[in-house]
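1. Return atomic coordinates for the entry below.
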Amino acid sequence: MKNGARKRADGAGLPSESGNSRAESGEKEADAFEPWRVRLFGEFRAERHGRKAIFGLKKAANLLAHLVFHLGETVSKERLVESFWPDSDSEKGRHSLRMAASSLRSALAAPDWNPEVHLPSTRDTLEASSCGFVTDVQEFRAHLAAANSIEDPSSKALHLQAATGLYVGPLLDGFAEEWIYPQSLPLEESFAQAACELILIQAQEGDLAGAAGLGKRAIALCPTREDLHVALMRAYALAGETSMAIQQYEELERMVDETWGEEPGKAAREVLESLPRTAIAHVRADTIAPESPSPGFASKPPTRRAAFFGREAELGLVRQQLASEDGFRLITLIGLGGFGKTRIAEEARIESFDSFERRSWMVSLLGCRNEDEVQEALMAPFEGLPQRVSDPVQVVGARIGSQPGLLVIDNCEQVLREASAVVEALLANCPKLRILATSRVPFGLPYELAVPVGGLPVPSEGTDLETLLDSPIVRLLANAAQCVRPGFAVTPDNARGVQALCAMLEGIPLAVELAAAQLGTLSPAELVGAIGRRTDLADNDRRIESRHRHLRSVLEWSVHQLPAEEQKALAKLSVCRGSFKRDLAEAILGNRSDKALNHLSSSSLVSWSERSDTLRFCLLETVRELGQRLLEKDAKAKKDACAALVRWATHLTEGIHQVESHSEASLWAELVSTETVNVLAALQACVDGVVEPEEAWKLAFPLVQLCEYRGWAQPWIRAIESLLEATRERLSQATLSQAHATLRLLYYNLRDIRNAHRHITSAVRAADEDGSPLLRGRCRSSFSVTASLLGQFEEAQRAATEAMELLLVAGEPVSAARSALFYGWVVFDRGDEVESEPFFRRALELGESSGDTETIGSSLLGLACSVGHRSHPDAQPIFDRALEQMQELGKPGQLGHFYFYRSLIDYRHGRLQAAMEGFAESVKAFTGAGIALGQTPLTIGGTILAALGRYDDAALCWGRAEALRESHGMTMFPTQQRDFDREFPKVQKALSEEGLRRSMRAARSATDEEIREMICRAVWAVRA
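-> The predicted model follows:
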């Protein structure tokens, strides 16, 4: 089970299979276990079972990188604090380290991968275990060691090939921590030496292509290493490729001259001098330069118009294709206007100018309307051509000829058919020509590589200042803002506003530049509040091309090129939020959805991504706003689209009624969770009155089940409160009662007992108006729970008694069993543990007669606690039965309750280590599902920690519980008060008055995740 009990053996911390013992399933689990694979060379990445780790904090990724680089070694926390937070004092640095470690464990945790085992922590050290991780650096070193122990060249080459293949870039490229650079140098040295050795072996075995490929890749990774150039020269010389060896020498000579102002070293000159004399007769000893191209055929060197930021992925792909002999001859940068296609094309031309022997031209088709104007624009960059020719394309093709060349054609979308004819003719007649085009739609030619150009990456909320300053989109914003506010900079004071602004603008370069023009009079945070719709952004700055001075006009041009039906499809799809699957598009658009999605995707108005073998489509929020403008003009289309969205969402949520097992329920919950934003959009459509109120609540009611399986109530409360406010006057009393009961459960999930009780009180009132015994009984059952939490034990007992009577009359044994169960807990919590036993037995009897797993499990838990209060051995078989039922059910909240109540009984019988382990499992079950920690488990946990002598930790738990009680008007249960009164004097005595106050203050701001980490530390300390 996903949130089942963790049975530990040999410290492995792996989950058992369906409750079986570790001994029975250990061999199977060991075979299936997979460590996290961490890539440290080049771009940092951690993957496991095809899942890429996503870190909530940048420092968490940095911390993992440091730990796995020192795999299997204990690393001092003091050293980590000094390395990552050098400007913080010791206490603050340790707090930051705890937060980063907690974020790291959350990112890596999995049912069969226990972060407490594989990232063990003591008071002073952290460690990444060698059984929990594998790194490319580790494998790189292993292959090099194996290669060094082998004499046979062919066998040695296999290990060298594996090692050099792992090295895809410098150690942790893009990370700025000081410890990285000294560690990266020996790794680069090892890579270069291995590459040189492998290049020579491959050349000696006649594999020149392999040697040349490795040599070029190695030089691209380590461009200033002369030994790599020399190795490649030797490979060419061995193969008799004298001219290639000379060209490599020339490249080396340019590099050392530009880098150090020196000449190549002795080794390179010796290889050059060993070549046939006739081949190097034109090479002077002091300089070897390529022959200058004929002025008539060369182009003017391109210049960079403005600073260029980011786009490493797009530029890297274009660079790779242009450099490869087998690369695509037509590369088209596609995307909406304002996304920076032209800037990328210009930058690629600048970078590749010399590699195309300075034969590079740029043509702009902006403003062209027909074939004649396209051909006229084509001739513009070529000097010396006659002004009047019968076939401009043929003349330009003759000028380009059979030599290598690069032609950049910008703004092709306006005359796509005419531009396509030019492209086909030139590529047919110029065998070494490459064309780099920009267009909002691809040409659709078979030899075309379409490169999508989206927005620049946007830093996530909470990104630290250092990372923010390195972000291309932030650098672009700061650079543009300096034009209107000289001296503008990103600082700790405005960093949050800058991040929010970049996120709002979705990384669209044009939107960022237009917004930056308004930073002369507004702060970034003020601008976020001032911008209504993104499409309203405009500017009169003459530095911005006139066609790009209004974001809406840029996007509207793309939309207006669509046929009317596709414009209508875009408008209807704007009711979706975030990403969506094909089934939602089909629900909104009908059987023409596939055609519409294909057309909108090719027009760059809809993007797509593949997740878990499923395509998901997405409208940028900026494009969605434009679609909404179109939809507002067609009231019928808007109503139809919104109604379709509601029908789709209702069908999705009502899927819970068809599930027959826990695994099916979990799949349903996962499916609904991935569609959260679209279900919320459907709820808003219900609030707006798109469907009748009773129909609207058919969508909302099943979300209670989602929260029971996922514990994720926060996103739904506001939407369902709004729905209740909008529909309450038109609901039947039965539906109104269910609506209040739904909100009661959502608030209860957040441990907001006061609001939960408010809603269940209204639910009881509406149920009484309706008169249904079943509804009245169910509402009273729920009322008894919140009333007891608020210390209203008489009211809770009366409600539970009435509920049982009503539900038995209604012929509902399951609901009656739950009422008996709630009654038992009321009696138990008020301190009459032994007297609660008959009620739990009655609940169990009714539950078993109905076969309801949840009721049986909860009744067994209550019975075990009641029996366990007087006899620990007699309670254990009952606890085990309860655990089996709850594991089968698979609801994390139920498992959390099981563990903390079992830990309470263990504590009362002096089994403190077992109590601590149980409490830790409870906290993990709750926090892992996003369920808030309530005052009951926190109070019990504090009591256990105090008994173990961990007084600071006990004060933290108690202080957090007290804050919750004060916030929600709750009281401590008498059954817990007795244990608290026994342990509190010990804490009072051990801590100074100031220390106790400090711990209690810290508790009020502590997060559930911090509590969880503290509990993990305590468990390890107890085990030690």
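2. List the contacts of the residue lying closest to L731 once chain neighbours are set aside.
-> Closest residue to L731 apart from its sequence neighbours, by C-beta to C-beta, 6 or more residues apart in numbering: P693 at 5.5 Å. In short, each C-beta sits where N, CA and C put it, glycine included. Taking C-beta atoms under 8 Å, 6 or more residues apart in numbering as the contact definition, P693 lies against A726, T727, R730, L731, T735.
3. Reformat the residues you listed into a markdown table and put secondary structure, neighbour count and pLDDT next to each item.
-> Conversion of these to a markdown table gives the following (DSSP: H, G, I helix; E, B strand; the rest coil; neighbours: other C-beta atoms under 10 Å; pLDDT from 0 to 100):
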| residue | secondary structure | neighbour count | pLDDT |
| --- | --- | --- | --- |
| A726 | helix | 15 | 94 |
| T727 | helix | 21 | 94 |
| R730 | helix | 13 | 93 |
| L731 | coil | 18 | 93 |
| T735 | helix | 20 | 95 |
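4. tally of neighbours for T259?
-> 11 (other C-beta atoms under 10 Å).
5. does it count as helix, strand or coil?
-> helix (DSSP: H, G, I helix; E, B strand; the rest coil).
6. want to throw the contacts of P693 into TSV with distance to K638?
-> Formatted as TSV, these follow (distance: C-beta to C-beta, whole Å):
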residue	distance to K638
A726	18
T727	20
R730	22
L731	25
T735	27
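7. re the thing from before, and the residue nearest to L731, how close does it get to C686?
-> For P693, the distance to C686 (C-beta to C-beta, to the nearest Å) stands at 8 Å.
8. Quickly list what's touching both of those two.
-> With C-beta under 8 Å, 6+ apart, P693 and C686 have common neighbours A726, T727.
9. Output the contacting helices and strands for the helix or strand hosting M233.
-> When elements are assigned from DSSP states H and E, M233 belongs to helix 226-238. Judged by 3 or more C-beta pairs under 8 Å, 6 or more residues apart in numbering; DSSP states H and E, the packing partners of helix 226-238 are helix 180-204, helix 208-221, helix 242-260, helix 266-273.
10. Which positions within the last one qualify as buried?
-> It refers to helix 266-273. A268, V271, L272 (16 or more other C-beta atoms under 10 Å).
11. Show me the helices in the stretch 751-900 of the chain, by range?
-> Secondary structure of the stretch 751-900 of the chain (DSSP state H, counting those that start in this stretch): helices located at 753-770, 773-789, 793-809, 813-829, 837-850, 853-870, 872-889, 892-908.
12. Make JSON lines from those and add mean pLDDT, mean neighbour count and distance to L436 to it.
-> Below are these laid out as JSON lines (pLDDT from 0 to 100; neighbours: other C-beta atoms under 10 Å; distance: least, C-beta to C-beta, whole Å):
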{"stretch": "helix 753-770", "mean pLDDT": "94", "mean neighbour count": "21", "distance to L436": "60"}
{"stretch": "helix 773-789", "mean pLDDT": "90", "mean neighbour count": "25", "distance to L436": "66"}
{"stretch": "helix 793-809", "mean pLDDT": "87", "mean neighbour count": "20", "distance to L436": "74"}
{"stretch": "helix 813-829", "mean pLDDT": "84", "mean neighbour count": "26", "distance to L436": "68"}
{"stretch": "helix 837-850", "mean pLDDT": "89", "mean neighbour count": "20", "distance to L436": "70"}
{"stretch": "helix 853-870", "mean pLDDT": "92", "mean neighbour count": "24", "distance to L436": "62"}
{"stretch": "helix 872-889", "mean pLDDT": "91", "mean neighbour count": "19", "distance to L436": "59"}
{"stretch": "helix 892-908", "mean pLDDT": "91", "mean neighbour count": "24", "distance to L436": "53"}
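13. re earlier: pLDDT (mean, whole number) over the helix holding M233?
-> Averaging pLDDT along helix 226-238 yields 92.
14. Please state the offset of it from the chain centre?
-> What separates the centre of helix 226-238 from the centre of its chain is 44 Å, taken as C-alpha atoms, centre = their mean, to the nearest Å.
15. Make sure G215 is actually in contact with L198.
-> No: contact between G215 and L198 fails when scored by C-beta atoms under 8 Å: they sit 9.4 Å apart.
16. Tell me where the stretch 901-1024 of the chain is predicted with low confidence.
-> The stretch 901-1024 of the chain contains residues with pLDDT under 70 at 968, 1024.
17. Then the stretch 601-750 of the chain?
-> In the stretch 601-750 of the chain, residues with pLDDT under 70: 611-613, 662, 708-713.
18. Distance from stretch 207-219 to the middle of the chain?
-> With C-alpha atoms, centre = their mean, you get 36 Å for stretch 207-219.
19. Over to stretch 697-710?
-> So, by C-alpha atoms, centre = their mean, the centroid of stretch 697-710 is 25 Å from its chain's centroid.
20. ok, now stretch 850-867?
-> 39 Å.
21. can you list contacts of it?
-> 813-814, 817-818, 820-821, 824-825, 828, 833-834, 836-837, 839-841, 843-844, 846-848, 874-875, 878-879, 881-882, 885-886, 888-889, 891, 894, 897-898, 901-902, 904-905.
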